[in-house]
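*Asks:* coordinates only, sequence not included:
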């Protein structure tokens, strides 16, 4: 399970200030050249100074990458919490809207009953029932009986009017509550969007820092080895650094080629994973799974309290393929609090799909990348607040979560 690092707001501000307001190692000083390293070997003091410089640069690169990665994880957690709050507000508004609809129906029924009652009285001889009874004649006992009936009719009318008024007041109150809930939902959705932008920026910055660390460290460590006489000559050290750099580049190219090949294979018409794409352009995000949990309110299996399950869970072996449910653009790929890592694919019509709980190594797309329905985008993981390897799949319309499987059925999946 991924361990989530929580940072207080003041601490996070301090971290970001230290990161962005202080010059990074790459800008604080130029990296030593091989000529610098050769010159430093001329005397013991210069060698010691250069070793200290190189060690400091390596430590700085490592600390910068760790700090920015921690900040990106924190921003991912803030994004998840902001989205959870927006989802809860959306669900509360849905519930209130249902209450308003029921109250409106009750109020309409009450008004209808009064109309029917008035019509019935009118057919009985006018609305002044007491007067009709008084002039109807008969002995005293009959008159008292008829007056009692008139009194009962008046009480019934009054009760009906009071009931209708109460129901109309309920409708008004619920409408006011729904308006307040709408404003709160919109506010929280705005905060969630801001958190998404911040998380995306932090993830991009962290990824750049990690890439710089990996690239720079190869040469710095080789130079350090020469100064420490772990390598016989500067020429050998340079050659070793170049070989390491070439190996790293080759491995990165091989991974990229493998990813392209996998994407091509999963999007080919003959591939079993893409043959299930419906005529409307949708498919299941996973084809091999052993368990399923639906969208809706539930007791969270880790947190232990009721919480909206804003998607569908598919239990599957870690490493199983995850596919884009429809074509679109990757608008987020990074840390996401209790989900470990999240991929968001945004499609036409304000529809977006989310895929969660992957390990960072299982995220196979990048922000800005175009994907097709049935294309592999990730591998099942067990990151974040998770009790086992599975895919958490969400579908959102205008930012609001909806039952993803019910939606897929409307698309012929």
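*Replies:* Perfect, I can see it now. The model shown is predicted, which means the values in this text are computed figures rather than measured ones.
*Asks:* packing partners of the helix or strand that contains residue 196?
*Replies:* Per DSSP states H and E, residue 196 falls inside helix 140-227. Under the contact criterion of 3 or more C-beta pairs under 8 Å, 6 or more residues apart in numbering; DSSP states H and E, helix 140-227 touches helix 34-40, helix 44-123, helix 129-134, helix 234-267, strand 328-335. (Glycine included, C-beta is placed from N, CA and C.)
*Asks:* quick check on residue 323: phi, psi?
*Replies:* When read as degrees, to the nearest 10, the backbone of residue 323 gives phi -120, psi 150.
*Asks:* beta-bridge partners for it, please?
*Replies:* Beta-bridge pairing for residue 323 (DSSP bridges): residue 376.
*Asks:* what's the answer for residue 332, then?
*Replies:* Residue 332 has these beta-bridge partners by DSSP bridges: residue 344.
*Asks:* ok, residue 397 next?
*Replies:* Beta-bridge pairing for residue 397 (DSSP bridges): residue 351, residue 400.
*Asks:* check what pLDDT it gets.
*Replies:* Listed pLDDT for residue 397 reads 92.
*Asks:* now do the same contact list for it.
*Replies:* Contact partners of residue 397, counting by C-beta atoms under 8 Å, 6 or more residues apart in numbering, are 349-351.
*Asks:* what subset of these is buried?
*Replies:* Buried subset of the contacts of residue 397 (neighbour count, 16 or more other C-beta atoms under 10 Å): residue 351.
*Asks:* so can I have TSV of the contacts of residue 397 showing distance to residue 394?
*Replies:* TSV is the format used below for those (distance: C-beta to C-beta, whole Å):
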residue	distance to residue 394
349	16
350	14
351	11
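*Asks:* distance to residue 163 and pLDDT added to the contacts of residue 397, as a markdown table?
*Replies:* Formatted as a markdown table, the contacts of residue 397 follow (distance: C-beta to C-beta, whole Å; pLDDT from 0 to 100):
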| residue | distance to residue 163 | pLDDT |
| --- | --- | --- |
| 349 | 44 | 89 |
| 350 | 42 | 90 |
| 351 | 44 | 95 |
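*Asks:* report the distance from the helix holding residue 196 to the chain centre.
*Replies:* Chain-centre distance of helix 140-227: 16 Å, with C-alpha atoms, centre = their mean, to the nearest Å.
*Asks:* what's the angle between that helix and strand 328-335?
*Replies:* Between helix 140-227 and strand 328-335, the angle formed by their directions is 70 degrees, by axes from the mean of the first three to the mean of the last three C-alpha atoms, to 10 degrees.
*Asks:* just to check, residue 331 is in contact with residue 347?
*Replies:* No. Contact criterion C-beta atoms under 8 Å: residue 331 and residue 347 do not qualify, at 10.0 Å.
*Asks:* ok, the two, which is more surrounded?
*Replies:* Applying other C-beta atoms under 10 Å to residue 331 and residue 347 shows that residue 347 carries more neighbours, namely 19 against 15.
*Asks:* so the spatially closest residue to the more buried one that is not a sequence neighbour versus residue 43, what's the distance?
*Replies:* Distances taken as C-beta to C-beta, 6 or more residues apart in numbering put residue 328 closest to residue 347, at 3.6 Å, once the chain neighbours are dropped. Applying C-beta to C-beta, to the nearest Å, the value for residue 328 to residue 43 is 62 Å.
*Asks:* same question, residue 160
*Replies:* For residue 160, the distance to residue 43 equals 106 Å [C-beta to C-beta].
*Asks:* between the two, which one's more packed in?
*Replies:* Using other C-beta under 10 Å, the more surrounded residue of residue 160 and residue 43 is residue 160, with 17 against 10.
*Asks:* quick one: contacts for the more buried one?
*Replies:* Here residue 160 is in contact with 110, 113-114, 117 (criterion: C-beta under 8 Å, 6+ apart).
*Asks:* again, but for residue 351
*Replies:* Contacts for residue 351 were tallied using C-beta under 8 Å, 6+ apart; they are 326, 395-397.
*Asks:* of these, select the buried ones using a PyMOL command.
*Replies:* Applying 16+ other C-beta under 10 Å to the contacts of residue 351 leaves a buried subset, and the PyMOL line that selects it is:
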select buried, resi 326+395+396
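*Asks:* wait, which of the contacts of residue 351 is closest to residue 55?
*Replies:* For the contacts of residue 351, the residue nearest residue 55 by C-beta to C-beta is residue 396; the value is 48.2 Å.
*Asks:* which residue is the nearest non-sequential neighbour of the closest one?
*Replies:* Spatial nearest neighbour of residue 396, excluding adjacent residues (C-beta to C-beta, 6+ apart): residue 352 at 4.9 Å.
*Asks:* where does that neighbour land on pLDDT?
*Replies:* With respect to pLDDT, residue 352 scores 96.
*Asks:* residue 261 now?
*Replies:* pLDDT recorded at residue 261 is 56.
*Asks:* with residue 145 instead?
*Replies:* We note a pLDDT of 50 for residue 145 in this prediction.
*Asks:* would you mind splitting the protein into its domains for me?
*Replies:* Domain ranges of the chain: 7-230, 291-410, per automatic domain parsing.
*Asks:* now do the end-to-end distance for the shortest one.
*Replies:* Start to finish, the residues bounding domain 291-410 are 22 Å apart (C-alpha to C-alpha, to the nearest Å).
*Asks:* now that domain, how far from the chain's geometric center?
*Replies:* Distance of domain 291-410 from the chain centroid (C-alpha atoms, centre = their mean) equals 8 Å.
*Asks:* swap in the first one?
*Replies:* Put simply, domain 7-230 sits 11 Å off its chain's centre (C-alpha atoms, centre = their mean).
*Asks:* top of the contacts of residue 160 by number of neighbours, please.
*Replies:* Most surrounded of the contacts of residue 160: other C-beta under 10 Å gives residue 110, at 19 neighbours.
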